[in-house]
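Chemist: Here is a sequence with its predicted model. Questions after.
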Amino acid sequence: MASPPVQAAELGGTSAVKVSQTAANQIRLRGRVVCINEEKNRQKGGVELPAQHEHVWGFKTADGKLYSLLRTKFSEAICLDEQVRSKELVLKGRVLPDNNTFDVAIIHSIRNGLEHDLYYYCDVCSIQFVAPEICVCCQGPVRLVEKPVTDKSETVPEE
């Protein structure tokens, strides 16, 4: 299978790279980010985890299915930003062959019942990023933006 087309900013960094994938290859999951260790412990009624345990971020769908998240540049916002983890999310991407790991391509939030695109933005350079990091151009801070999704072509079938 050919790799998806890539559009990169002319800045030499990889943070501003966007990958285009067809909707046919993607599914849509709606739910919340959870710590897999805490969730499994809660489900099994097991022993308490140490207060300072390492979080392994996963995704629990509205119907209770639990996925591990593949850590990539597209899922990095979930791993690094509590603002993102605290929201109800729609993740678009693909389930890997192990049937339990999700490879995130797009993160949207649900706010006031509407789906919003989530991305980071540098106000100085007008560049969008997929993760919370410093701007590759000006080295300044970026901010989290939620913008209502109006383009119906961004929708993919729900699992």
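Modeler: Happy to help now that I have it. Bear in mind that the values here come from a model prediction, so they are computed numbers and not experimental data.
Chemist: Any idea how far the longest strand along the chain is from the middle of the chain?
Modeler: Longest among the strand segments of the chain by residue count, using DSSP state E, is strand 101-111. In this view, strand 101-111 has its centroid 4 Å away from the chain centroid, taken as CA atoms, centre = their mean, to the nearest Å.
Chemist: From the contact counts, what lies against that strand?
Modeler: The helices and strands touching strand 101-111, judged by 3 or more CB pairs under 8 Å, 6 or more residues apart in numbering; DSSP states H and E, are strand 66-69, helix 76-80, strand 89-95, strand 114-122. Quick note: C-beta positions are derived from backbone N, CA and C, even for glycine.
Chemist: Show the average pLDDT along the shortest one.
Modeler: When you say that, I think you mean strand 66-69. Per-region confidence: strand 66-69 scores 95 on mean pLDDT.
Chemist: who touches that strand?
Modeler: Strand 66-69 is contacted from outside by 29, 34, 36, 39-40, 56-61, 75, 78-79, 95, 100-102, 104, using CB atoms under 8 Å, 6 or more residues apart in numbering.
Chemist: Most tightly packed of the helices and strands packed on strand 101-111?
Modeler: Ranked by mean neighbour count, these are led by strand 89-95 with a mean of 21 (mean count of other CB atoms under 10 Å).
Chemist: Quick check: neighbours of that one in the sheet, parallel or antiparallel?
Modeler: Here strand 89-95 has these sheet partners by DSSP bridges: strand 27-35 (antiparallel), strand 101-111 (antiparallel).
Chemist: relative to strand 27-35, how tilted is the longest helix anywhere in the chain?
Modeler: As assigned by DSSP state H, the longest helix anywhere in the chain is helix 36-44. Orientation check (axes from the mean of the first three to the mean of the last three CA atoms, to 10 degrees): helix 36-44 against strand 27-35 gives 90 degrees.
Chemist: Correct me if wrong: residue 58 contacts residue 38.
Modeler: No: contact criterion CB atoms under 8 Å: residue 58 and residue 38 do not qualify, at 9.6 Å.
Chemist: neighbour count winner among the two?
Modeler: residue 58 (23 against 15; other CB atoms under 10 Å).
Chemist: Could you give the separation of the longest helix of the chain from the chain centroid?
Modeler: Counting by CA atoms, centre = their mean, helix 36-44 comes out at 21 Å from the chain centroid.
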